[in-house]
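> Fold the following for me, if possible:
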Amino acid sequence: MKSFEYGDSEIGYVDIVITISSMIIGVGILFLPRELAKTVQSSDGWVSILLAGLLAIGAAWMLAKVAIHFSKQGYFAYASAAVTKPIALIAIISLTLYFILYSGYEVRAIANISKQYLFERTPVEAISLTFLLVVVYAVSGSRVGIIRLNILFLPIVIAISLIVLSFSMSIFNLDDLKPFMSSDWKSMAKGIKSSAFSLLGFEVILIYITLMNQPKDAPKAVVFGVAIPVVLYTAIYIACVGVFSNFALQQITYPAVELAKEMQIPGAFFERFESIFFTIWTMTVFTTTMMAFDCSIYLLMSVFTKTKKKTWVFILSPVIYLLCMFPRNLADFDELSSYISYVGLVVGILFPILIHVAAKLRGVNSDAS
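Next up is the predicted model:
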């Protein structure tokens, strides 16, 4: 009898494409248009997003090419052979801390947005705890099951986003996009940095490549996985500028949510579509948080092999909660976001590449051969 297609313990090309996209698409797009409006003139932010997208695609492809070499043995074993076990341990623990910080950031972000739009009288602490408990329940299950959730949720998120973009065209003002290319290169560079930070998350390929049945497809899969958020982010940004204007965007905390509030559906079929949009977007923040949490557990289990998964879940859960409560205001929260992004660039991209170079020089056994 043929086994159920999604009942096995391996994932394929499409699964990785959706996983990478799900990891990247999160709270970043909800405030990225505001950050770009503060940096560039008119609608020039689309150039920054596309250039940042090209950089992210290049970095993701390079990272996937590196990950192919330890698709069976795992990152820690490969790094230990390449740069000695103590240095490999530093690299693994650093990457673990990055994913823990990533999880805490996502939890606090969804709590802040939920309080502003849905639960005005509910403390942020209570919202964060409730959301984290749901994430803990999901992470406690199968790792492949997490991938399957991405396959279920992402099409819904993209469909709702396309609906918002389509019905926003009735209030879209083309004149707000002009003048074109009026920003200087310094402003563009700052916009590229903000956009690139919103496109981080493809580092999960270092972990989930061990689940792939065809690891050689990973580079092509991550390219498409990063390209989907780049296209979506560009479309949402242009729509926000055309609806609110560049000047107004600077004053709006979460332009993407406000875009859903302003959209007009003929016949007034939905009067509060932003509630639906926000609820659906919570799904992708949930999957992003879940995968970051899961990756941190995977890395720790690769080092401490005798400790069970649920033990790490119980250990890390209060740590993530305390970290998400650390920012006291929006300024602290933005500072935490920048810090996490810089850490991700170093431990999630630079370290694996340097370890791979060391492995090549030392002739370490590769799974790609």
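
> what about stretch 27-46, distance to the chain center?
Per Cα atoms, centre = their mean, to the nearest Å, the displacement of stretch 27-46 from the mean C-alpha position of its chain is 17 Å.

> Can you check the distance spanned by it, start to finish?
In stretch 27-46, first residue to last residue: 18 Å (Cα to Cα, to the nearest Å).

> With stretch 65-76 instead?
17 Å.

> and for it, what are the contacting residues?
With contacts defined as Cβ atoms under 8 Å, 6 or more residues apart in numbering, stretch 65-76 is touched by 77-79, 88-89, 92, 95, 205-207, 209-210, 212, 215-216, 218-219, 299, 302-303, 352-353, 355-356, 359, 366-368. Any C-beta I mention is one placed from the backbone N, CA and C, and that applies to glycine too.

> quick one: buried residues of it?
Lys65, Val66, Ala67, Ile68, His69, Phe70, Ser71, Gln73, Gly74, Tyr75, Phe76 (16 or more other Cβ atoms under 10 Å).

> Am I right that the third one is in a helix?
Yes - applying DSSP: H, G, I helix; E, B strand; the rest coil, one finds Ala67 inside a helix.

> Can you pull out the low-pLDDT segments for this protein?
Counting by pLDDT under 70, the chain contains low-confidence residues at 1-9, 264-274, 368-369.

> please redo it, this time with the cut-off set to 80
Within the chain, the stretches with pLDDT under 80 are 1-10, 27, 42, 116-119, 170, 176, 179-184, 260-279, 328-334, 364-369.

> quick one on the thing from earlier: report the buried members of the contacts of stretch 65-76.
Of the members of these, the ones counted as buried by neighbours, 16+ other Cβ under 10 Å, are 77-79, 88, 92, 95, 205-207, 209-210, 212, 215, 218-219, 299, 302, 352, 355-356, 359, 366-367.

> Which residue ranges of the stretch 101-250 of the chain form helices?
Ranges of helices in the stretch 101-250 of the chain, per DSSP state H, counting those that start in this stretch, are 124-139, 143-168, 185-198, 205-208, 218-244, 246-249.

> Of the ones you listed, give the one that comes closest to Gly12.
helix 218-244 (8.8 Å; Cβ to Cβ).

> what angle separates that closest one from helix 143-168?
Taking axes from the mean of the first three to the mean of the last three Cα atoms, to 10 degrees, one finds that helix 218-244 is oriented at 30 degrees with respect to helix 143-168.

> Mind listing what's buried along stretch 225-234?
So stretch 225-234, judged by 16+ other Cβ under 10 Å, has buried residues Gly225, Val226, Ala227, Ile228, Pro229, Val230, Leu232, Tyr233, Thr234.
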